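Q: heads up, no residue letters with this:
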């Protein structure tokens, strides 16, 4: 018999895992948003990645200030300084049936966890057990402007490749399902959540969606943001992640036509990266990467008539469009490729 909503609310513990590295000045806002959650029981697993500032002290003070039934704070440390390693360490200590991974410079609205669990309970009442629940989020930029991150209920593979719909803060995952994956790739210093999101989808999860307004605030607000502000200083790292994801798609059990499409979309993301290098004033990085993506796309079409008369010319225009800062190219790419 499916559990009732009331039974699910009472029985289901949720664990929130937050890695922290030198975030003493900003992690307080994140922690305040966690303790403000209306849902209990909550476990908060804080992983200090051997910070050199006062981050650990801030975490310890938070634990002292917020003892209470139904709100359990666990603090640990991880010497290997990558977010993936820290998140895996946090997962080892997590006891919740559902897991939220979160960053130490972002915040959540008070009803976020409760909304996740309400969505789960509705699905369970229908006899369905979701593995992932996707939520909406708001991006905050250095100039103070805000924009809702793209959120789609269809074509999730493509939209994750194009928009990172399964970014770190944007979903809750069932513990048992996450255990069946290989966890976070500890060797990726960047875009590790993008790569993990693809592997989660390749594991064929049952996905539910929250339809409420954005309840996650993702900080793109300056050089101290985890998200960062530029790409050229870490040239090579991003390209490596794209190559890994192409291999994962090609070795998956997807149908051949889906493999071709998703590999093309990954090459489009390589083109986007090249355009970003161009915008950052690095044409020496942009040109060869653009040529690589263009050649890979052309080869995938076997240089046929569709490529020569439609896809190829539009691909060149997309690069110029993105390099000039115009938006909306991903919608074209989703149809084109």
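A: Arrived safely, thanks for sending. In this text the structure is predicted, and so the values were computed from the model without any measurement. Numbering: from 1, shown residues only.
Q: Show the pLDDT at residue 79.
A: In the predicted model, residue 79 carries a pLDDT score of 89.
Q: Give me the neighbour count for it.
A: Residue 79 sits with 9 neighbouring residues when counted by other C-beta atoms under 10 Å. C-beta here means a position set from N, CA and C on the backbone, and glycine is covered the same way.
Q: For residue 269, pull up the helix or strand it's in.
A: Per DSSP states H and E, residue 269 falls inside helix 256-279.
Q: Next secondary structure after that helix?
A: Proceeding N to C from helix 256-279, the next assigned helix or strand is helix 283-300, under DSSP H and E.
Q: The helix holding residue 269 packs against which elements?
A: For helix 256-279, the elements it packs on are helix 156-163, helix 237-250, helix 283-300, helix 312-323, helix 329-336, judged by 3 or more C-beta pairs under 8 Å, 6 or more residues apart in numbering; DSSP states H and E.
Q: Give me the contacts around it.
A: When contacts are taken as C-beta atoms under 8 Å, 6 or more residues apart in numbering, the neighbours of helix 256-279 outside the stretch itself are 157-158, 161-162, 231-232, 235, 238-239, 242, 245-246, 249-250, 252, 254, 283, 285-287, 289-290, 292-294, 296-297, 300, 315, 318-319, 322-325, 329, 333-334, 337.
Q: what's the answer for stretch 170-182, then?
A: 14-15, 91, 94, 96-101, 113, 116, 120, 129-135, 137, 149, 164, 196, 199-200, 203, 205, 216.
Q: thinking again about what came up before, most tightly surrounded among the helices and strands packed on helix 256-279?
A: When you average the neighbours per residue for each of these (mean count of other C-beta atoms under 10 Å), helix 156-163 leads with a mean of 21.
Q: Compute the inter-axis angle for it and helix 237-250.
A: Between the direction of helix 156-163 and that of helix 237-250, the angle (axes from the mean of the first three to the mean of the last three C-alpha atoms, to 10 degrees) works out to 170 degrees.
Q: For helix 156-163, name the packing helices and strands.
A: helix 192-202, helix 256-279, helix 329-336.
Q: helix or strand right after that helix?
A: For helix 156-163, the succeeding helix or strand toward the C-terminus, using DSSP H and E, is strand 171-174.
Q: who does that following strand pair up with?
A: Strands that pair with strand 171-174, judged by DSSP bridges, come out as strand 98-101 (antiparallel), strand 132-134 (antiparallel).
Q: How about the contacts made by the residue nearest the centre of the chain?
A: Centre of the chain computed as the mean C-alpha position; nearest residue by C-alpha atoms, centre = their mean is residue 167, 1.0 Å away. Contact criterion C-beta under 8 Å, 6+ apart gives 137, 149, 193, 194, 197, 218 as the residues in contact with residue 167.
Q: so the fifth one touches residue 166, yeah?
A: Yes. When contacts are counted by C-beta atoms under 8 Å, residue 197 is listed as touching residue 166 (3.0 Å).
Q: Now do the shared contacts for the two.
A: With the criterion set as C-beta under 8 Å, 6+ apart, the overlap between the contacts of residue 197 and residue 166 is residue 160.
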